[in-house]
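K.L.:
Sequence first, then the predicted structure:
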There are 2 protein chains.
Amino acid sequence: MKKIQSPEIEEYLETLCRYAEEGRQARVKDLAGDLGISAASVSQMLKKLSEKNLIKYEKYGKIRLTKKGEEIGRSILRKHRLVEKFLGFIGVKRNVHEEACLLEHAISDQVEEAIIKTMKKSMKKIRVLAEMKNGESGIVLFIEGGSTACKRLTAMGLTPGTKIEVERESTLIGPVEISIRSSRLAVGRGLAKKIYLAVDK
Amino acid sequence: MKKIQSPEIEEYLETLCRYAEEGRQARVKDLAGDLGISAASVSQMLKKLSEKNLIKYEKYGKIRLTKKGEEIGRSILRKHRLVEKFLGFIGVKRNVHEEACLLEHAISDQVEEAIIKTMKKSMKKIRVLAEMKNGESGIVLFIEGGSTACKRLTAMGLTPGTKIEVERESTLIGPVEISIRSSRLAVGRGLAKKIYLAVDK
DNA sequence: TTTAAATGTTAGGTGTACCTAAGATCACAT
DNA sequence: ATGTGATCTTAGGTACACCTAACATTTAAA
């Protein structure tokens, strides 16, 4: 049985998937440009992909992914994006896209899963300030609600990115007391329901 | 300027480095076996590596790495081992060696560094079975060494992810006795030096 | 020391993925 | 509708890494 997959083939299918996502018609010229390959080579490769039933293509015609081709392409695209996130996660700063392009072909499904699990574990969870308990801390992510609430909170210094800690949790109707930049603040329960924070685990 | 590096070339140089570490004379036959390639192809490739000044080689002669060749080989070997550790670290259990063989060629120096930093922050400590004391336990992360050692240990059930406990620690030359899934097993000190475990800090 | 087995090399060939140059087709502006 | 520039394909060729079969050399045994 012949091998139907190679990093090169994967790269073509991934790019075709990207075009499909953008609702863009795939053209030989664009593939050539994006993959850094001559149009002649792309044309050739399209014939090969067609023979392998990864795309539907007749010369001068439209390029469409088959089910199989889309499956592979999406898998690579998914891996690419995961790797990008992951590289950011472990602190890689430069050439993240290029690094991901290399790695995407070397990541098995097994490894993909492990990476997802690992990231989830140390991922932050989103929680509402009103539900948080004494001693818990987090970083303000966003404020749900109209500009009135936003302005009020901004005035208090409760803007996205701010780190806070719960000093006294909210009772059924009572306010939450929090410390923020080492000063203390009381936030009414109604308002506290609109403040979302990222907390560990 | 011609490219002097390919995943295949890297694989050859890595394997040669491994042999050098083990103080073993590199033979065409062994390379063929370990790389899963015909002896004829190896012979050919050795000529190519010689032309690229990555090894010193004359037919029927001894294979020796040049400075350049050793540098590349060691870099790949280092990456391979790091990836093995890392895969264990993120919870990959099966085919760790094989997965690392794929990934090692796609890991840049930048990514290598980021991985090291991330692991350093980790909660588990990595230890070698040979150095562990009575009563200590851990989870097998990976096995360093050729496929021979890997196969032997796999046969014993000592695969990544397995939890073991040290029943009797290794003496200067003696084996380690461990319990594994409630049965007991003795592992020679040489082999035990190649088994890395995650133990609580 | 000869010889057989083990090991290594050469010759010739395959498949993949790329290239350039030249020719074919398409699509739009006149 | 037609000619021209853009786009695409074909033809012919390269480099790489592998293969098998046949031949050469080395090594170890008789």
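P.N.:
Now that the structure is in, tell me what you want to look at.
K.L.:
for chain A, what spans make up the helices?
P.N.:
A:7-21, A:28-35, A:39-51, A:67-89, A:96-103, A:109-122, A:147-156, A:189-192 (DSSP state H).
K.L.:
now for the first one, which elements pack on it?
P.N.:
For helix A:7-21, the elements it packs on are helix A:28-35, helix A:39-51, strand A:64-65, helix A:67-89, judged by 3 or more C-beta pairs under 8 Å, 6 or more residues apart in numbering or on different chains; DSSP states H and E. In this view, the C-beta of every residue, glycine as well, is placed from N, C-alpha and C.
K.L.:
Tally up the residues packed near A:I195, please.
P.N.:
A:I195 has 26 neighbouring residues, counting by other C-beta atoms under 10 Å in any protein chain shown.
K.L.:
Tell me the pLDDT of it.
P.N.:
pLDDT, A:I195: 84.
K.L.:
From chain B, how far off is the nearest residue in space to A:I180 that is not next to it in sequence?
P.N.:
In space, and not counting its chain neighbours, A:I180 is closest to A:I164: 4.9 Å by C-beta to C-beta, 6 or more residues apart in numbering or on different chains. Per C-beta to the nearest C-beta, to the nearest Å, A:I164 is found 24 Å from chain B.
K.L.:
Same check on A:C101?
P.N.:
For A:C101 relative to chain B (C-beta to the nearest C-beta), the value is 9 Å.
K.L.:
give me every residue that touches A:R189.
P.N.:
The contact partners of A:R189, taken as C-beta atoms under 8 Å, 6 or more residues apart in numbering or on different chains, are A:A130, A:S170, A:I173, A:G174, A:P175, A:V176.
K.L.:
how about TSV for these, with distance to B:V83 and pLDDT added?
P.N.:
Listed next are the contacts of A:R189 as TSV, based on distance: C-beta to C-beta, whole Å; pLDDT from 0 to 100:
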residue	distance to B:V83	pLDDT
A:A130	44	91
A:S170	47	86
A:I173	55	86
A:G174	52	87
A:P175	51	91
A:V176	45	92
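K.L.:
Of those residues, which is the nearest to DNA strand C?
P.N.:
A:A130 (55.2 Å; C-beta to the nearest atom of the strand).
K.L.:
So for the nearest residue to the closest one once chain neighbours are set aside, what's the pLDDT?
P.N.:
Leaving aside its sequence neighbours, A:A130 sits nearest to A:A192 (C-beta to C-beta, 6+ apart; 3.9 Å). A:A192 carries a pLDDT value of 90.
K.L.:
Enumerate every residue touching A:A192.
P.N.:
Contacts of A:A192 by C-beta under 8 Å, 6+ apart are A:V128, A:L129, A:A130, A:S170, A:P175, A:V176.
K.L.:
Please pick the buried ones from those.
P.N.:
Among the contacts of A:A192, those classed as buried by 16 or more other C-beta atoms under 10 Å in any protein chain shown are A:L129, A:A130, A:S170, A:P175, A:V176.
K.L.:
Please report how far the second one lies from chain B.
P.N.:
When C-beta to the nearest C-beta is applied, the distance between A:A130 and chain B equals 32 Å.
K.L.:
Test my guess that that residue contacts A:S170.
P.N.:
Yes - using C-beta atoms under 8 Å, A:A130 is in contact with A:S170, at 5.3 Å.
K.L.:
mind checking pLDDT for A:L153?
P.N.:
At A:L153, pLDDT is 76.
K.L.:
Against A:Q5, how distant is it?
P.N.:
52 Å (C-beta to C-beta, to the nearest Å).
K.L.:
Tell me which of those two has more neighbours.
P.N.:
A side-by-side neighbour count of A:L153 and A:Q5, using other C-beta under 10 Å, places A:L153 first with 20 against 13.
K.L.:
Low-confidence bits of chain A, can you list those?
P.N.:
A:1-3, A:121-126, A:141-151, A:160-161, A:201 (pLDDT under 70).
K.L.:
Pull up the residues of it that are close to DNA strand D.
P.N.:
Chain A comes close to DNA strand D at residues A:27-29, A:39-40, A:42-44, A:46-47, A:59-61, as judged by C-beta under 7 Å from any atom of the strand.
K.L.:
how about these, which pair is most distant?
P.N.:
A:A40 and A:G61 (17.2 Å; C-beta to C-beta).
K.L.:
still on that earlier bit, can you work out which residues contact both of A:A130 and A:S170?
P.N.:
Common contacts of A:A130 and A:S170, defined by C-beta under 8 Å, 6+ apart, comprise A:V176, A:R189, A:A192.
K.L.:
could you measure the first one against DNA strand D, distance?
P.N.:
The one in question is A:V176. 60 Å (C-beta to the nearest atom of the strand, to the nearest Å).
K.L.:
For that residue, list the residues it contacts.
P.N.:
A:L129, A:A130, A:M132, A:V166, A:R168, A:E169, A:S170, A:A186, A:V187, A:R189, A:A192.
K.L.:
beta partners of it?
P.N.:
A:V187 (DSSP bridges).
K.L.:
what's the spacing between it and A:A155?
P.N.:
17 Å.
K.L.:
Repeat that for the last one.
P.N.:
The spacing between A:A192 and A:A155, counted by C-beta to C-beta, is 16 Å.
K.L.:
what's the answer for the second one, then?
P.N.:
Computed as C-beta to C-beta, the A:R189 to A:A155 distance reads 19 Å.
K.L.:
Pick the one among the shared contacts of A:A130 and A:S170 closest to A:E22.
P.N.:
Looking across those and measuring by C-beta to C-beta, the closest to A:E22 is A:A192, at 40.8 Å.
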